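*Asks:* Got a sequence here, can you model it:
(chains A and B)
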Amino acid sequence: MNPEPFLQLDRLIHEKGRLAIMSMLAATPELSFTEMRDTLGMTDGNLTTHLRALQQEGYLSVAKSYQNNRPLTTCSLTPAGRKAFTEYINLLEQIVRQNKPR
Amino acid sequence: MNSNLAEAHLQTIRLLMERSAIYRRALAPILLLAGLLGLAAAGIGLGFHLESARSFAGLWLGTAGVVVTSAFLLVRRQALNAHEKFWSPPTRRVAQALLPPLASGMLLGGLPVVVPPAWSDNSLTALVWLLFYGCALHSAGFFMERGIKWLGWIFIIVAFSLMIILAANGRLLRPPAANWIMGLTFGGLHLAGGVYLYFTERRHPVA
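*Replies:* Numbering: from 1, shown residues only, chains lettered A, B, ... in the order given. This next block holds a predicted model:
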């Protein structure tokens, strides 16, 4: 087995919680903090930690605004985040392919 | 990482991507409201004998307008309560899926208001509406959970079944039939769907 694809997997995305966040954001232009929290069943603190880690890597952007006098936090993938996520998926597919019996 | 684990990861990713693209606002209140308004409109139509092409179309297009406006306000309230944007990407997708068949049905059904037809029966208008409405629900169902696609199919099947009966048996052409058809389908089916969702829908929904 060639260990190369596994070694190339982005460690930051590979973590379960962050992978879930990236997956959700990859399918939609943007998501609110509450949408992600409720769908993923994470605590506010847990989600904030993951978002901060992804934001520091430049994978996602966080926008804070107000809607009807209520704070609204929305997240979206940056082009770098989308590229990293696509590469991550490609590597996973490569791992699946190379281990499939011919 | 072995291939099984990689496949499991890909499966989870696929699931989460689908889930984030799906509309999940509480649908039970919307269906219940549409059902009750549908039954009330049928009651008004039958009670006041609104049987001319123009009055029938006016009554039901007016009801549709009230239902759409009320649904809009309900969804907006849910979004505000959840501290979320009302016009979220899933909401936009659902609206885009609903729009062509709903607009076509409304325009076609609205023709008798502008140009009164030669025939005095409204049953065909009602069935065309049901058909288009079923198509609209089915399209939107691709972006929604909770069996909305099935509800769309039920509307389509009921519409076609009644068209066959209509073609075979002219008695359906009696004036009050159209209001009965609309009341039992638009009112009754929505109410049944709403009751089902009320007891089965998960709480704290998001769009």
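
*Asks:* Tally up the residues packed near the residue of chain A found nearest chain B, please.
*Replies:* Closest approach between chain A and chain B, counting by Cβ to the nearest Cβ: residue A:99, at 3.3 Å. C-betas here are computed from N, CA, C, even on glycine. For residue A:99, the neighbour count with other Cβ atoms under 10 Å in any protein chain shown is 15.

*Asks:* I'd like the distance between the closest residue to it other than its chain neighbours and residue A:90.
*Replies:* Nearest non-adjacent residue to residue A:99, counting by Cβ to Cβ, 6 or more residues apart in numbering or on different chains: residue B:3, 3.3 Å away. Taking Cβ to Cβ, to the nearest Å as the measure, residue B:3 falls 15 Å from residue A:90.

*Asks:* Which of these two has more residues huddled nearby?
*Replies:* Neighbours per residue, other Cβ under 10 Å: of residue B:3 and residue A:90, the larger number sits with residue B:3, 16 against 12.

*Asks:* Ramachandran angles for that one?
*Replies:* Main-chain torsions, residue B:3, degrees, to the nearest 10: phi -70, psi -30.

*Asks:* do the same with residue A:68
*Replies:* Per degrees, to the nearest 10, the backbone of residue A:68 is at phi 50, psi 50.

*Asks:* Got the confidence number for the residue nearest to it when sequence neighbours are not counted?
*Replies:* Excluding the flanking residues, the one nearest residue A:68 by Cβ to Cβ, 6+ apart is residue B:80, at 5.7 Å. We have a pLDDT of 81 for residue B:80.

*Asks:* How many residues are close by residue B:80?
*Replies:* 14.

*Asks:* which strands and helices sit next to the helix or strand hosting it?
*Replies:* Assigned by DSSP states H and E, residue B:80 belongs to helix B:53-81. In terms of contacts (3 or more Cβ pairs under 8 Å, 6 or more residues apart in numbering or on different chains; DSSP states H and E), helix B:53-81 is packed against helix B:28-47, helix B:89-114, helix B:123-141, helix B:177-182.

*Asks:* Downstream of the shortest one, the next helix or strand is which one?
*Replies:* Next along the chain after helix B:177-182, taking DSSP H and E as the criterion, comes helix B:188-200.

*Asks:* just to revisit the earlier point, just checking, the residue nearest to residue A:99 touches residue A:96?
*Replies:* Yes. Between residue B:3 and residue A:96 there is a contact under Cβ atoms under 8 Å: 4.8 Å.

*Asks:* so where is chain A shaky, pLDDT-wise?
*Replies:* Under the criterion pLDDT under 70, the flagged ranges of chain A are A:1-3, A:101-102.

*Asks:* dump the residue contacts of the closest residue to chain A within chain B.
*Replies:* Residue of chain B nearest chain A, by Cβ to the nearest Cβ: residue B:3 (3.3 Å). Residues in contact with residue B:3, defined by Cβ atoms under 8 Å, 6 or more residues apart in numbering or on different chains, are A:95-96, A:98-100.

*Asks:* quick one: it and residue A:13, what's the gap?
*Replies:* 19 Å.

*Asks:* For the closest residue to residue B:84 other than its chain neighbours, name its beta-bridge partners.
*Replies:* Nearest residue to residue B:84, sequence neighbours excluded (Cβ to Cβ, 6+ apart): residue A:32, at 4.6 Å. Following DSSP bridges, residue A:32 is listed with bridge partners residue A:74.

*Asks:* hang on, residue A:32 packs against residue A:73?
*Replies:* Yes. Residue A:32 is in contact with residue A:73 according to Cβ under 8 Å; the separation is 6.5 Å.

*Asks:* the more surrounded of the two?
*Replies:* Neighbours were tallied for residue A:32 and for residue A:73 using other Cβ under 10 Å; the higher tally belongs to residue A:32 (22 against 16).

*Asks:* Pull up the residues of chain A that are close to chain B.
*Replies:* With Cβ under 8 Å from any Cβ of the partner chain as the criterion, chain A comes near chain B at residues A:6, A:9, A:19-20, A:23-32, A:34-35, A:38-39, A:67-68, A:70-72, A:74, A:89, A:92-93, A:95-96, A:98-100.

*Asks:* Spatially central residue in chain A, please.
*Replies:* In chain A, the centroid-proximal residue (Cα atoms, centre = their mean) is residue A:22; its distance is 1.6 Å.
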